[in-house]
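S.K.: Structure here, sequence nowhere to be found:
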Ligand SMILES: Cc1cc2nc3c(=O)[nH]c(=O)nc-3n(C[C@H](O)[C@H](O)[C@H](O)COP(=O)(O)OP(=O)(O)OC[C@H]3O[C@@H](n4cnc5c(N)ncnc54)[C@H](O)[C@@H]3O)c2cc1C
């Protein structure tokens, strides 16, 4: 294979909200910026975000960023870093106005201000009413944001590599990142992008589980690339199961449905969330609602012939509200569940939705790694932002509407920091040819011939293992077995062979590379989960039912090398306000 080379100031891998908001900063600063995406940019998963983005604009009810910060710290079950959360909640307000000025068509209140709805985990302290903090464009907020950012990038002349698959980062001896090897999916030709800075913005990894709200492309490629470059993954045991996936299918029914007044019932028609969360009821945080649904089903109060789901009631809201505020979920319910929510309830069950963990970064998007007996160090030239990163603002459980916020705030912060970095580091470092060769071997490996295991079969086997061994409720025994099974699957990866070895648009090869990434991430999830002997946020263990702040208020770090897990302290000191000390989390 001939290896073509291109040179840029900044390489951004991923064209979702995080990647595009970073790219926009750089292109507007007249830097040469390349955005690589394995699908056309506006097909990135950000396009599927429904409910909205949080900012304490106080357009509907009194609110301020300090309350937003408290709700986020509490929602994180006190594992989020309070300095990062403070930064995000303060930045939320200008971020949403910037989106508005860039052209995002938000829904409007009668007085012309941006429409805001209630979402899970938002406090009720304000005169008894629930805060309404989630800014929405009907139930297609992500669609509105992504298209706007893409158009602004086109205007700013960002260079797009559409349908290119990033294979691996290139690192030199000192661990500095020099760019990445990417594959043009259409031709099968490799391309080396040499870059002074590289930002990973590759999104989530919901495809590790069989039932998920995530797109087929959410395979955690960037996280696995970081692992292979020696970067640990942080807090991977915390995986969010969204309470309302369409039963048996996994497609998402936004929390905005409950924000608009929808509620859950069991087979007796009982509004059961009143028992689990007497105050917040259906708008308790997601981990709480998911556990309640699974418990209802386990205890025999599930709906349907198999008793394997519960119902989400919407019909009492009336056709007008549903058509105006929730048109997308009406359509999804009709297509995937065969029900019209205006007249009948939607069958729902928790679905794998969001990874709280990821590549450890500081507030400026720089990737940080621990150093023995010293403070953390940044990896020269490497940044991460969006769902693939862990700042950490979500801790053990993310609040709805805080991810769109996270990707925009930290995408922007990374872009701004890259501009500063480039002022001090104006030159390319010399390319490390040995490193390039090593990464190329990950591509040539698929030319091996002969009988072997098929990618589809192993992918299905793996995702079932993850669902059975790292789901909503986890015990020592279940997870230990999970670790063994993922190890076996990791061995089997060596026997994968491609039946189709053609170069043009060979999606089988892309799926093989994705499966390798998925399995590496799966190991980080099960192993970090097995080691954490407490229940906190989304990590729920019947054998250790309580949160244990004395021993476990710390972040996990999983290293690829030797499957090692280490820990680092939670940052509890904000910059401007006082620390929120840990309290029991009740809704
Ligand atoms: C159905 C659904 C609804 C949601 N609703 C909300 C909501 O209402 N509010 C909220 O706050 N959050 C919501 N979320 C979560 C939120 O949308 C995501 O966390 C967020 O959009 C992720 O953005 P991102 O920029 O990090 O990544 P993504 O938007 O996932 O983009 C990832 C990008 O990386 C590229 N990429 C990945 N791997 C490679 C590779 N190997 N080579 C090249 N390119 C690669 C992809 O092509 C893509 O461009 C929702 C999530 C889902 C799944």
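M.R.: That came through fine. Here the structure is a predicted model, which means the values were calculated and not measured.
S.K.: Smallest gap between the stretch 251-400 of the chain and the ligand, at which residue?
M.R.: Going by CB to the nearest ligand atom, the ligand is nearest to residue 386 of the stretch 251-400 of the chain, at 2.4 Å. Using the backbone N, CA and C atoms, a C-beta is placed for each residue, glycine as well.
S.K.: secondary structure class for the nearest residue to that residue once chain neighbours are set aside?
M.R.: Leaving aside its sequence neighbours, residue 386 sits nearest to residue 18 (CB to CB, 6 or more residues apart in numbering; 2.7 Å). The assignment at residue 18 comes out as helix when based on DSSP: H, G, I helix; E, B strand; the rest coil.
S.K.: sec struct for residue 491, please.
M.R.: helix.
S.K.: count of neighbours near it?
M.R.: 8 (other CB atoms under 10 Å).
S.K.: per-residue pLDDT, it?
M.R.: Note on residue 491: pLDDT of 97.
S.K.: do you know how far it is from residue 485?
M.R.: 11 Å (CB to CB, to the nearest Å).
S.K.: and the longest helix for the chain?
M.R.: helix 507-531 (DSSP state H).
S.K.: Just give me how far that one sits from the chain centre.
M.R.: From the chain centre to the centre of helix 507-531 is a distance of 15 Å (CA atoms, centre = their mean, to the nearest Å).
S.K.: how about that helix: buried residues?
M.R.: 508-530 (16 or more other CB atoms under 10 Å).
S.K.: for residue 321, what are its contacts?
M.R.: Contact analysis of residue 321 by CB atoms under 8 Å, 6 or more residues apart in numbering lists 260, 261.
S.K.: rerun that using 7 Å as the cut-off
M.R.: Applying CB atoms under 7 Å, 6 or more residues apart in numbering, we find residue 321 in contact with residue 260.
S.K.: Now name the helix or strand holding it.
M.R.: helix 319-325 (DSSP states H and E).
S.K.: How about residue 417?
M.R.: helix 402-424.
S.K.: is that helix anywhere near the ligand?
M.R.: Yes. On the criterion CB under 6 Å from any ligand atom, helix 402-424 is in touch with the ligand at 402, 403, 404, 407.
S.K.: That helix - contacts with which helices or strands?
M.R.: helix 17-28, strand 53-54, helix 82-102, helix 141-155, strand 190-200 (3 or more CB pairs under 7 Å, 6 or more residues apart in numbering; DSSP states H and E).
S.K.: And the next helix or strand past it?
M.R.: According to DSSP H and E, the helix or strand after helix 402-424 is helix 433-444.
S.K.: can you tell if that next one touches the ligand?
M.R.: No. Helix 433-444 stays clear of the ligand (CB under 6 Å from any ligand atom), getting no nearer than 11.8 Å.
S.K.: now the angle between helix 507-531 and the helix or strand following that helix, please.
M.R.: Where DSSP H and E defines the elements, the next helix or strand beyond helix 433-444 is helix 455-469. Interaxial angle, helix 455-469 versus helix 507-531 (axes from the mean of the first three to the mean of the last three CA atoms, to 10 degrees): 20 degrees.
S.K.: angle of the helix holding residue 417 against helix 17-28?
M.R.: 30 degrees.
S.K.: list the buried ones in helix 402-424?
M.R.: 402-419, 421-422.
S.K.: do stretch 223-239 as well
M.R.: For stretch 223-239, by 16+ other CB under 10 Å, it's 223-229, 231-239.
S.K.: overlap between those and the residues near the ligand?
M.R.: Okay, of the buried residues of stretch 223-239, nothing touches the ligand (CB under 6 Å from any ligand atom).
S.K.: ok, of those residues, which one's closest to the ligand?
M.R.: residue 225 (7.4 Å).
S.K.: Which strands or helices does the helix or strand in which the closest one is found pack on?
M.R.: Using DSSP H and E, residue 225 falls within helix 221-228. For helix 221-228, the elements it packs on are strand 164-171, strand 190-200, helix 507-531, judged by 3+ CB pairs under 7 Å, 6+ apart.
S.K.: And the helix or strand just after it, how far out from the chain middle?
M.R.: The C-terminal neighbour of helix 221-228 among helices and strands, as given by DSSP H and E, is strand 233-234. With CA atoms, centre = their mean as the basis, strand 233-234 stands 13 Å off its chain's centre.
S.K.: ditto for stretch 223-243
M.R.: For stretch 223-243 - counting by CA atoms, centre = their mean - the centre lies 10 Å from the chain centre.
S.K.: And the residue minimising distance to the centre of the chain, how far from residue 137?
M.R.: Closest to where the C-alpha atoms of the chain average out (CA atoms, centre = their mean) is residue 387, at 3.3 Å. Taking CB to CB as the measure, residue 387 falls 20 Å from residue 137.
S.K.: ok, now residue 97?
M.R.: Distance from residue 97 to residue 137, by CB to CB: 15 Å.
S.K.: Looking at the two now, which is surrounded by more residues?
M.R.: Between residue 97 and residue 137, residue 137 has the larger neighbour count (other CB under 10 Å), namely 22 against 13.
S.K.: For the more buried one, give me its contacts.
M.R.: By CB under 7 Å, 6+ apart, the neighbours of residue 137 are 104, 105, 106, 107, 144.
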